[in-house]
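Chemist: Quick one, structure for this:
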Amino acid sequence: MSLSIGIFTTNSVDKLHPRIEMQLEVLEQAGYQVEIIRSTERREGFLSELVNLFSLKYFKWGFIRRNKKNLEKFDVVHLYDLQLLPLAKHAKKKGKRVVYETLDDNVHLNFHAVAKKLLFIKLFKTLILKRMAKYERSSAKMYCDKVIVNSANLMDNFDSSELIFYASHLESINNGVYNPTMPTAFIYIGKLTAAKGAKEYSELVDKYKIPMLFLGKAFDQDARTLADRSDVNHLGNFNSKELKAEMSELIEKFNLIGLSVIKPENKSYLLQEANKDIDYLSMGLPFIGNDRPPTFQKLKDGAGVLVSDSTGILRLINNEEGFYDYCSNNCNKIYRTYSQEAFRHALLQTYSGLTKI
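Modeler: The predicted structure follows:
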């Protein structure tokens, strides 16, 4: 009989995370029985939110409390991110096999978010980060049979982990070659904030006088200001199926140049792989980025240019000496490391290891 798997997540309130969608498809095709247990509300009740605040929002205690009973239904409990890690102890006590998967350096990312609202906790930054990092490492070692990370930097946070890169659901869309009869446009996919380049993108539109397409959600005032510009087409926030359909149309109308400027405001933003980079690679879209290490490495490998490189950006926009096509071809080559096939193989290998535990 196949293993039953419960994937527990609080990061899929509005729509199922594309990575979880892909995991669901891969695991079900392999014969596993999979159920997704996710939040229905972004915020929990007042008392739960108060308790969460006392733990500096590192954990979702209401979700954890409500879902202890759901652990019984599954052979494998697959927990997404630090906010649900306390469930691992309860699952292990019930004799379940436990997979812990983290998509960010949440020890640093969460502290950064909370410190914006509770300024005084910056005084205790070193203590809090050290304590939470120790909790994550020790809990993963003690209660989890497998740890999955999506970025190489996260492997340092655990005694043992499996690296499974994000794979893009857009990989079947083929950019082809630069078409001089079509207009060129910048494109941004995903959540947009000042920290993710909203001001820089506005400056690019001003400087190079080409439109920008925005597929995602504006999360702060800088992002909303950009989205409201007449030369920025905010097309909306899409689920994976809708996004694939939209991109298939846009790629037939424009020579697209991706945008990926993530400011290294915290350790996670500095070192983490960006899903949007991989989405651009999967479609063969050259992109403009900054010098944070994972993005910069892709640019050095020929996927695009730095946001500070005016000459390079103009060469992309106009395909001077075939530069756009050169970068597009490099994107396709680089993406092989992140492909859906690589994702499928790594995930099934991880789960096959669970059957031997």
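
Chemist: Quickly find the element holding the residue nearest to residue 256 when sequence neighbours are not counted.
Modeler: Closest residue to residue 256 apart from its sequence neighbours, by CB to CB, 6 or more residues apart in numbering: residue 187 at 4.7 Å. (Each C-beta comes from the backbone N, C-alpha and C, glycine too.) Element membership of residue 187, judged by DSSP states H and E, is strand 184-189.

Chemist: how far out from the middle of the chain is that strand?
Modeler: On the basis of CA atoms, centre = their mean, to the nearest Å, strand 184-189 sits 19 Å off its chain's mean C-alpha point.

Chemist: Check which element follows that strand along the chain.
Modeler: Note on strand 184-189: by DSSP H and E, the next helix or strand toward the C-terminus is helix 198-208.

Chemist: Determine the set of other helices and strands touching that next one.
Modeler: Judged by 3 or more CB pairs under 8 Å, 6 or more residues apart in numbering; DSSP states H and E, helix 198-208 is in contact with strand 184-189, strand 212-215, helix 221-227, helix 310-318.

Chemist: Give me the buried positions along the longest one.
Modeler: Using 16 or more other CB atoms under 10 Å as the burial criterion, the residues of helix 310-318 that qualify are 312, 313, 315, 316, 317.

Chemist: Residues contacting that helix, please?
Modeler: If you take CB atoms under 8 Å, 6 or more residues apart in numbering as the criterion, helix 310-318 is touched by 184, 204, 207-208, 210, 257, 286, 288, 304-307, 320-321, 323-324, 327.

Chemist: low-confidence ranges in this protein?
Modeler: Applying pLDDT under 70 to the chain picks out residues 1, 12-13, 42, 46, 356-357.

Chemist: ok, longest helix in it?
Modeler: Taking residue count as the measure and DSSP state H as the definition, the longest helix of the chain comes out as helix 125-143.

Chemist: Can you list the buried residues in that helix?
Modeler: So for helix 125-143, counting by 16+ other CB under 10 Å, buried means 128, 132, 135, 136, 137, 139, 140, 143.

Chemist: what do you get for stretch 249-257?
Modeler: Applying a neighbour-count criterion of 16+ other CB under 10 Å, one finds 250, 251, 254, 255, 256, 257 buried in stretch 249-257.

Chemist: CA atoms only for the helix or strand hosting the last one, dumped as PDB, please.
Modeler: Residue 257 is located in strand 255-260, with elements delineated by DSSP H and E. Only the C-alpha atoms of strand 255-260 are listed here, as PDB (Å, rounded to 0.1, in the frame of the first residue of the first chain):
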ATOM      1  CA  ASN A 255      10.600  40.800 -26.700                       C
ATOM      2  CA  LEU A 256      10.500  40.400 -22.900                       C
ATOM      3  CA  ILE A 257      13.300  41.400 -20.500                       C
ATOM      4  CA  GLY A 258      12.800  40.100 -16.900                       C
ATOM      5  CA  LEU A 259      13.400  42.300 -13.800                       C
ATOM      6  CA  SER A 260      15.000  40.900 -10.600                       C
END
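
Chemist: Next, the angle helix 310-318 makes with it.
Modeler: Computed by axes from the mean of the first three to the mean of the last three CA atoms, to 10 degrees, the angle separating strand 255-260 from helix 310-318 equals 140 degrees.

Chemist: So which residues make contact with strand 255-260?
Modeler: By CB under 8 Å, 6+ apart, the residues outside strand 255-260 that reach it are 175, 178-179, 182-189, 197, 201, 204, 212-213, 250, 274, 276-277, 279-280, 283, 285-290, 295, 304, 316-317, 319, 324.

Chemist: Then stretch 276-283?
Modeler: Residues external to stretch 276-283 that are found in contact with it (CB under 8 Å, 6+ apart): 165-168, 170-171, 173-175, 188-190, 247, 251, 256, 258, 260, 286-287, 289, 294-295, 298, 303-304, 331-332, 334-335, 338-339.
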